[in-house]
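K.L.:
Can you look at this prediction? I've put the sequence above it.
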Amino acid sequence: MVKKQVKSKSLIAKKNLKRGLIGLFAILAIIFIINSPIFKIGYVKVIGNTYLPREDVLKIARIREPLNIFSVQTDVIQNYLQSDLRIDTAKVWRDFPNCLNIEIVERTPLAVVSCNYGYVDLDKNSMIIDTYKDPKKIQKPVIIGVFLEDVYTGDKVENEAINKVLDYLGYLKPELLQQIMQINIANVDNIEAYTMNGTKIILGKVENPEELANKTNEFFNDMKVTNIPIEYIDFSYSRPVLKIKQ
């Protein structure tokens, strides 16, 4: 009877040892996989970025390449991205064995305004979505005749003239928006826009932004089929007034 008990205890000890060894090997295998160069992410693919450089997206996501595929927490990275005001939505997923995908939808800047420390990008809701000092980063029309002080990313600019101009710009066709260089709101009763080729567009009070934008779209379309140099077009009258350069 005693011999059977000894054998039973011996078998249990051997089973426990076997289980312990299996568990140890499993842990070592997981550690090896996590640290193995085989599973290093070869490429982080960024989709949907137009204004934000790839490097900025990775910085927002707090990603440093190369990155191990098993150490990535996609939900955490997604939260990092969506907490940035320049990004509206973000989606992050793995493509095994060695790729991480980041797809973003950016908040679109419509205009730029000078401030006491550089420039700010404004979206359609007059929200500041980016701030910077380098004028080379300017990609949208600059609203002049106004200067902002003590404003920060996430602030909403409360300025009626700016709001009207942003509404107007939002109704322009995207490819035509790039043709607008500046909009002067120094005189709110006679707001003027300037194109890249020097043509002045007199908008007046901008009481109906959508109607003005439609007229501007038509004007640009007409200019595609003519070489006549235009000094200005005045939309402040019921019927637009056009002046040809001498």
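P.N.:
Thanks, I have the structure now. Residues are numbered from 1 along each chain as shown.
K.L.:
May I ask which helix or strand encompasses V72?
P.N.:
Assigned by DSSP states H and E, V72 falls within no helix or strand.
K.L.:
So what sits opposite the nearest residue to it once chain neighbours are set aside in the bridge?
P.N.:
Distances taken as C-beta to C-beta, 6 or more residues apart in numbering put L100 closest to V72, at 6.0 Å, once the chain neighbours are dropped. (C-beta placed from N, C-alpha, C; glycine too.) Using DSSP bridges, the beta-bridge partners of L100 come out as V44, R94.
K.L.:
For L100, grab the count of nearby residues.
P.N.:
Other residues near L100 come to 22 when the count uses other C-beta atoms under 10 Å.
K.L.:
Would you confirm that V241 contacts D234?
P.N.:
Yes: using C-beta atoms under 8 Å, V241 makes contact with D234 at a distance of 4.1 Å.
K.L.:
sorry, back to before: mind listing what the residue nearest to V72 touches?
P.N.:
41, 43-45, 63, 67, 69, 72, 74, 92-94 (C-beta atoms under 8 Å, 6 or more residues apart in numbering).
K.L.:
More neighbours: V241 and D234, which one.
P.N.:
D234 (17 against 11).
K.L.:
any idea how far L203 is from the more buried one?
P.N.:
Look at D234 and L203: by C-beta to C-beta, to the nearest Å, they are 9 Å apart.
K.L.:
same deal with I180?
P.N.:
11 Å.
K.L.:
Please identify which of these two sits among more neighbours.
P.N.:
Shown here are I180 and L203; by other C-beta under 10 Å, L203 has more neighbours (26 against 21).
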